[in-house]
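Engineer: Dropping the sequence and predicted coords here.
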Amino acid sequence: MASIIPKVIAGRPTWQQTMLRIKDPSKTIPFYRDVMGMTVIDTLDFPQWKFKLFFLTTLPEGESYDLVPGSKEAHDYMWSIEGTALELTYNYGTDTDANFKGYHVGNQEKDGFGHVAFNTDDVYAACEKLEQAGVSFKKKPDEGRMKGL
């Protein structure tokens, strides 16, 4: 059976990022950076189309990051990382538009989106720390149909 599995070839597509739309980067970035421990590794701004992208990742333990997001060096790093990035897309004005009601939450019954997963040594201890930091949950690990996963 192993002989029928093709060898990995150069240029093979790999998972690089997942994108979420955000309303307010001044609130969202600190959550992922300060609460979840991610690092903003790059930004791409498209004023002509009125949106900005923020790329975050979890750096390997002990690794520091001193590149300036938005610089050529940061672009090169972001497009060459071996891991994955979280792309946060901010559409200009969503944070100040009183009529903007937010994006589709994706977690209603029969919706397609489910979650973004973070790996941790102890999910229960992590949830407790998140609650202590003021994070609220739609569903905790032992709630819903998939208890105890």
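Structural biologist: Thanks, I have the structure now.

Engineer: Can you report how many residues neighbour His139?
Structural biologist: Just so we're on the same page, residue 139 is Lys rather than His. 12 (other Cβ atoms under 10 Å). Placement of C-beta: from N, CA and C, glycine included.

Engineer: before we move on, what about Tyr90?
Structural biologist: The burial count for Tyr90: 22, using other Cβ under 10 Å.

Engineer: SS state for it?
Structural biologist: strand (DSSP: H, G, I helix; E, B strand; the rest coil).

Engineer: got the CA coordinates for the top helix by length along the chain in PDB?
Structural biologist: The residue-count maximum for a helix in the chain (DSSP state H) belongs to helix 123-132. Extracted C-alpha coordinates of helix 123-132, given in PDB (Å, rounded to 0.1, in the frame of the first residue of the first chain):
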ATOM      1  CA  VAL A 123      -7.600  22.300  27.800                       C
ATOM      2  CA  TYR A 124      -9.500  22.700  31.100                       C
ATOM      3  CA  ALA A 125      -6.700  24.700  32.700                       C
ATOM      4  CA  ALA A 126      -6.500  26.800  29.500                       C
ATOM      5  CA  CYS A 127     -10.200  27.500  29.600                       C
ATOM      6  CA  GLU A 128     -10.000  28.500  33.200                       C
ATOM      7  CA  LYS A 129      -7.200  31.000  32.400                       C
ATOM      8  CA  LEU A 130      -9.200  32.400  29.500                       C
ATOM      9  CA  GLU A 131     -12.200  32.900  31.700                       C
ATOM     10  CA  GLN A 132     -10.000  34.600  34.300                       C
END
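
Engineer: pLDDT below threshold where in the chain?
Structural biologist: Scanning the chain with the threshold set as pLDDT under 70 gives 1-13, 107, 109-112, 114, 146, 148-149.

Engineer: and the gap between the residue most central in space within the chain and Phe100?
Structural biologist: Centroid check for the chain by Cα atoms, centre = their mean gives Leu86 as the closest residue, at 3.1 Å. As judged by Cβ to Cβ, to the nearest Å, Leu86 and Phe100 stand 22 Å apart.
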